[in-house]
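> Fold the following for me, if possible:
(chains A and B)
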Amino acid sequence: MSGSDVSIVAFGRPECDDAQSHVLSTAAALGAATRLVTSSEDEDFSSMDHGSIDWRDSLDGAHWFVTSASTAIEGEAARFAWGAGMTFGELEGVRTVMIADLPEDHSRLAECWGAVIERIRQIHVLFIDPAALGPISQLEGVNQSDLLHEIRLRGLVPHVCTLDGQREALIEHALGSVRVPARAPANPYRWLAAFICELPGSGLGQAGVERAARAAGNVDSPSV
Amino acid sequence: MSCKGRTIVEGMDDITSLGLDAMEIQTVRTVQPKNFDQYWQAGILSWNSDLEMNLHGPYYAELLGSRRERNRTLTKMEASMQAGKIVNARHLVYHVGPYGEYEPGVEANEQVANIFAGVVERVHQIWGDESDEEDYAAFPWVHKAKPSLVGIETSGRQDLWGTVEEVIEVCNHVEGTVPVLNMAHIHARGHGRMRTSEDYSELFEQVRKQYGGKKFYCHFAGIEHRMGNALHYTQIKKSDLKFEPFAEFLAEEGDWLDITIISDSPLLEHDAMYMLQHYDKARQRLLEIQARDEMRVKLAIEEGMSPEELELAEKEAAESRKGDGAEEPADKKKKPTAKAAAKKKPGKMMSFDKKADDDDVF
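Sure, this is the predicted structure:
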């Protein structure tokens, strides 16, 4: 399976300036079928008509549903849609990729992260933005080096991953840990996009995760 | 059922309209002061209705860890104890966490028992504070209801304290605590042990014998597991932990139980309804069987036989049917016998098939 066989749906801002839109655009450049679910043109994202989204139709046939922690604090309606997307994803067999990023107002990180924890059972890939690693480990009272492993154990999330400062990808998953080089991830979301494009076709178990992570690390940054 | 995504009060509305009657709130780390208004509203609603509120403490604990780790966990637990009073929680559910430097056994259990004795004491302090009398005049459960029970949850991994035996032992030693049977955890830790209604029967019998009582508080969700460790929660339909055997056990043998089952699946409301429907189906099946048996007795009386004589006659008729089949040539027998058996089975309990057939115009 290559990127062109993978279908990704994201929920985010219509301006396409959030983490999930970066992932989506990179995945599209890698050949994935992508779709952004957002508010309609005549409404504000934070007060959108969340009930009008046909999630079943939007998620039909998708492999991944990508969204971010900071979207949860974009407003009540956006948060309802954010939660509904994950629930319908679970129902439809679409796996949720959650990007734990830093909100613009850093003081609201606890709120964002709390929203993620509440939904932890619906998340299949939790990507922690390198910038959020420190603040989240502080919040959790866990050493930064142990954070991924602890979250994996606490939340039973199948894949918890990040990129560290040495340009390595770290993945804690149900069957072990993977640490592989990531060549030139100017933007960590590019690595994540390549990883989720590779993962469905990389095979089972530790070897499969490692293969996907290595392949993602070797992907040249596509022009997006 | 835990309510996620919207407000607690809206969640309570949803639960009531779905015909469910218990809810468990999850506290993440600390309880935000802005949530307290909601909690009071939830408490009032719960007090004025039959909706049972419960509260789950921090999603991970390290009660057997170092002093620092233990204190950090206790600080998080304190917030949930305070919130428990406000929402009129009947149970406060806690994990213990990894064994840490302890080996599984008496020493670890004693340490857990000591900690939970302190937790129960603290819960009673919070609920029994007389200076609250005036402050909380509008919230009658603060004075009238019994303090929350402290639930100790079974764990789903070999490296975490919380086998059924450990939980029961601690609960037996600490008054005010109750075992919380997380079926997904018990299933995972037991390498997939919860498969039939007999497995549930054994489990509840074990708890009844070793702990006593008839009140039970359980969690249920689908789970993926490997080597005795929970890997990932999943919806019930996708798991090898099925709800049907549990429903069957509850319908057939659960009359003595006063049980609360909380859905902690990734699909909370969906799976809560799924469980309710399966329980109703199991009850329905049981009622059908009972009605069938009653009908049998009635018919036996009409025929002038005792139910035992009727049963004997049925057995003889069934054997003679089998005998008739055996006399047929082997090549002829194959298909029709299979069909006949399939047809006969549903009517097996009645020896009056023939009579019915005679009346059958087709």
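> Enumerate the residues of chain A near chain B.
By CB under 8 Å from any CB of the partner chain, the residues of chain A that approach chain B are A:79-80, A:83-84, A:87, A:90-91, A:110-111, A:114, A:117-122, A:139, A:141, A:150, A:153-158, A:174-175. Heads up, the C-betas are built off the backbone N, CA and C, glycines and all.
> hey, where'd the helices end up in chain A?
A:19-29, A:55-58, A:76-92, A:109-118, A:130-140, A:147-155, A:188-198, A:205-218 (DSSP state H).
> Residues of the stretch 101-250 of chain B that sit close to chain A?
Selection of the stretch 101-250 of chain B residues close to chain A by CB under 8 Å from any CB yields B:Arg157, B:Ala221, B:Glu224, B:Arg226, B:Ala230, B:Leu231, B:His232, B:Tyr233, B:Gln235.
> So which residues of chain B form strands?
All strands of chain B, identified by DSSP state E, fall at B:22-26, B:52-56, B:89-94, B:97-98, B:149-153, B:160-161, B:177-182, B:215-220, B:222-226, B:229-234, B:258-263.
> Is the last one positioned near chain A?
The one in question is strand B:258-263. No: against chain A, strand B:258-263 shows no contacts by CB under 8 Å from any CB, the least distance being 11.0 Å.
> partners of that strand in the sheet?
Using DSSP bridges, strand B:258-263 pairs in its sheet with strand B:215-220 (parallel).
> Quick one: residues contacting B:Glu303.
Counting by CB atoms under 8 Å, 6 or more residues apart in numbering or on different chains, B:Glu303 touches B:Leu310.
> Please report how far the residue of chain A found nearest chain B lies from A:Gln122.
In chain A, no residue comes nearer to chain B than A:Gly83, which is 3.4 Å away by CB to the nearest CB. Distance of A:Gly83 to A:Gln122, given as CB to CB, to the nearest Å: 9 Å.
> tell me the phi and psi of the residue lying farthest from the centre of chain A?
Most distant from the centre of chain A: A:Asp42, at 27.3 Å, with distances by CA atoms, centre = their mean. Backbone torsions for A:Asp42, taken as degrees, to the nearest 10, come to phi -90, psi 10.
> out of A:Gly83 and A:Gln122, which sits in the more crowded spot?
A:Gln122 (24 against 20; other CB atoms under 10 Å in any protein chain shown).
> hang on, that one packs against A:Phe88?
No: using CB atoms under 8 Å, A:Gln122 is not in contact with A:Phe88, being 10.1 Å away.
> can you count the residues close to A:Glu74?
There are 22 residues near A:Glu74, going by other CB under 10 Å.
> Pretty sure it sits against A:Ser46.
Yes: shown here, A:Glu74 and A:Ser46 form a contact pair, counting by CB under 8 Å, at 5.3 Å.
> what residues are shared contacts of those two?
Shared contacts of A:Glu74 and A:Ser46 (CB under 8 Å, 6+ apart): none.
> Mean pLDDT for the helices of chain A - can I get that in TSV?
Shown next, in TSV, are the helices of chain A (pLDDT from 0 to 100):
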stretch	mean pLDDT
helix A:19-29	95
helix A:55-58	94
helix A:76-92	92
helix A:109-118	91
helix A:130-140	93
helix A:147-155	91
helix A:188-198	93
helix A:205-218	89
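> so A:Ala33 bridges to which residues?
Under the criterion used (DSSP bridges), A:Ala33 bridges to A:Ser7.
> Looks like it contacts A:Val6 (just checking).
Yes: at 7.2 Å, A:Ala33 counts as touching A:Val6 under the criterion of CB under 8 Å.
> More neighbours: which of those two?
Remark: of A:Ala33 and A:Val6, A:Val6 carries more neighbours, 23 against 16, as counted by other CB under 10 Å.
> Quick check: closest non-adjacent residue to the more buried one.
A:Ala32 (4.4 Å; CB to CB, 6 or more residues apart in numbering or on different chains).
> for B:Gly19, same thing?
In space, and not counting its chain neighbours, B:Gly19 is closest to B:Leu276: 6.9 Å by CB to CB, 6+ apart.
> and the one you found, how many residues sit next to it?
Going by other CB under 10 Å, the residues that sit close to B:Leu276 add up to 17.
> Out of the helices of chain A, which is closest to B:Pro140?
Ranking the helices of chain A by proximity to B:Pro140 (CB to CB) places helix A:109-118 first, at 30.0 Å.
> Quick check: buried residues in that closest one?
In terms of neighbour count (16 or more other CB atoms under 10 Å in any protein chain shown), helix A:109-118 has its buried residues at A:Leu109, A:Glu111, A:Cys112, A:Trp113, A:Gly114, A:Ala115, A:Val116, A:Ile117, A:Glu118.
> Take those and write them to JSON lines, including distance to B:Val150.
Putting these into JSON lines (distance: CB to CB, whole Å) gives the following:
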{"residue": "A:Leu109", "distance to B:Val150": "31"}
{"residue": "A:Glu111", "distance to B:Val150": "28"}
{"residue": "A:Cys112", "distance to B:Val150": "31"}
{"residue": "A:Trp113", "distance to B:Val150": "27"}
{"residue": "A:Gly114", "distance to B:Val150": "24"}
{"residue": "A:Ala115", "distance to B:Val150": "27"}
{"residue": "A:Val116", "distance to B:Val150": "27"}
{"residue": "A:Ile117", "distance to B:Val150": "22"}
{"residue": "A:Glu118", "distance to B:Val150": "23"}
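> show me what contacts A:Pro103?
A:Pro103 is in contact with A:Ala69, A:Ser70, A:Ile73, A:Leu109, A:Glu111, A:Cys112, counting by CB under 8 Å, 6+ apart.
> of the residues you listed, closest to B:Arg193?
Nearest to B:Arg193 among these, with distances taken as CB to CB, is A:Ala69, at 36.7 Å.
> Which residues are in contact with the nearest residue to that closest one once chain neighbours are set aside?
Leaving aside its sequence neighbours, A:Ala69 sits nearest to A:Cys112 (CB to CB, 6+ apart; 4.1 Å). Residues counted as contacts of A:Cys112 (CB under 8 Å, 6+ apart) are A:Ala69, A:Ser70, A:Ala72, A:Ile73, A:Ala100, A:Asp101, A:Pro103.
> Hmm, A:Asp105 and the second one touching each other?
Just to be clear, that refers to A:Ser70. No: assessed by CB under 8 Å, A:Ser70 is found out of contact with A:Asp105, at 9.4 Å.
> Pick out whichever of these two has more residues nearby.
A count of neighbours by other CB under 10 Å puts A:Ser70 above the other of A:Ser70 and A:Asp105, at 26 against 11.
> The residue nearest to that one when sequence neighbours are not counted and B:Gly156, how far apart?
Excluding the flanking residues, the one nearest A:Ser70 by CB to CB, 6+ apart is A:Pro103, at 4.2 Å. To B:Gly156, A:Pro103 is 32 Å away according to CB to CB.
> repeat for B:Ala137
43 Å.
> buried set for stretch A:20-34?
Of the residues in stretch A:20-34, A:20-30, A:32-34 count as buried by neighbour count, 16+ other CB under 10 Å.
> so where's the stretch 51-200 of chain B shaky on pLDDT?
Counting by pLDDT under 70, the stretch 51-200 of chain B shows low-confidence ranges at B:130-133.
> For chain A, what's its nearest residue on it.
For the stretch 51-200 of chain B, CB to the nearest CB, closest residue to chain A: B:Tyr60, 4.0 Å.
> Need the phi and psi values for that residue.
According to degrees, to the nearest 10, B:Tyr60 has phi -150, psi 140.
> ok now do the closest residue to it other than its chain neighbours, which residues does it touch?
Nearest non-adjacent residue to B:Tyr60, counting by CB to CB, 6+ apart: A:Arg154, 4.0 Å away. Residues near A:Arg154 by CB under 8 Å, 6+ apart: A:Ile120, B:Tyr59, B:Tyr60.
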